[in-house]
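Colleague: My questions are about this predicted structure, shown below with the sequence.
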Amino acid sequence: MKHTNTLNIRRYLQWCGLCILLFSAASCKKFLDVVPDNVATIDNAFTMRAEAEKYLFTCYSYLPNSADLSTNPALVAGDEFWMVRPYSTSETPWQVAQGFQSANNVYMSTWGWYYKALRDCNIFLENIHKVVDMRQSEVDRWSAEVMFLKAYYHWLLLRQYGPVPVIRYNLPISQHRRRN
């Protein structure tokens, strides 16, 4: 009985070793290094008018919803009215109204959101001239719309945080320097 168990274990291990050997021999490093087709890049976003229009909509997607209680501090972060718990929206605005906000604990921060919007607007302005199937009047109109959006996002940042850096263009990645 003991001899049979040892033979079964030995065969099982040999079978597993053979399977591992076959799978490792069949795999190929080049197979894993294939770049997939239709990968979204900035160059692809500005090849045709329809793709550029999608990117224009991306610039518009950062506009705030001023009527939303959970994202507009002017509506509920003051003490004009109070709601009874459980709140029907996020508790964040009421945390501001109750005095829990501090420099270390910032509620309803839109800093990163609007700087992402500014980055996308700058990318749009840098690349809209690459679209081949658009009239110049359309390029000018879309560029003017995005320049307005940039000004509006800067104004929203100024309104919420005070003086902020004006982002006229995106810095290339090669501009990154190490801090010692």
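Modeller: Yes, it's here. Being a predicted model, the structure only gives us computed values, none of them experimental.

Colleague: which intervals of this structure have sub-threshold pLDDT?
Modeller: 1-7, 18-19, 21-36, 38, 87-89, 174-180 (pLDDT under 70).

Colleague: At the geometric centre of it, which residue do we find?
Modeller: Compute the mean C-alpha point of the chain, and by Cα atoms, centre = their mean the closest residue is Lys116, 7.4 Å away.

Colleague: quick one: it and Ser61 touch, right?
Modeller: No: between Lys116 and Ser61 there is no contact under Cβ atoms under 8 Å: 10.1 Å. Bear in mind the C-beta positions are built from the backbone N, C-alpha and C, glycine included.

Colleague: Give me the common contacts of the two.
Modeller: Shared contacts of Lys116 and Ser61 (Cβ atoms under 8 Å, 6 or more residues apart in numbering): none.

Colleague: before we move on, the earlier item: OK, contacts around the residue nearest to the centre of the chain?
Modeller: With contact set as Cβ under 8 Å, 6+ apart, Lys116 has these partners: Tyr62.

Colleague: and it, helix, strand or coil?
Modeller: What DSSP: H, G, I helix; E, B strand; the rest coil gives for Lys116 is helix.

Colleague: Tell me the spacing between it and Arg141.
Modeller: For Lys116, the distance to Arg141 equals 24 Å [Cβ to Cβ, to the nearest Å].

Colleague: Test my guess that Cys121 contacts Thr58.
Modeller: No: between Cys121 and Thr58 there is no contact under Cβ under 8 Å: 9.1 Å.

Colleague: These two: which is more packed in?
Modeller: Using other Cβ atoms under 10 Å, the more surrounded residue of Cys121 and Thr58 is Cys121, with 27 against 16.

Colleague: Contact partners for that one?
Modeller: Applying Cβ under 8 Å, 6+ apart, the residues near Cys121 are Cys59, Val146, Met147, Leu149, Lys150, Tyr153.

Colleague: Helix or strand for it, just tell me which one.
Modeller: Using DSSP states H and E, Cys121 sits in helix 111-127.

Colleague: Give me the distance from the very next helix or strand once past that helix to the chain's centre.
Modeller: As assigned by DSSP H and E, the chain's next helix or strand after helix 111-127 is helix 136-161. From the chain centre to the centre of helix 136-161 is a distance of 19 Å (Cα atoms, centre = their mean, to the nearest Å).

Colleague: list the helices and strands helix 136-161 packs on?
Modeller: helix 49-60, helix 111-127 (3 or more Cβ pairs under 8 Å, 6 or more residues apart in numbering; DSSP states H and E).
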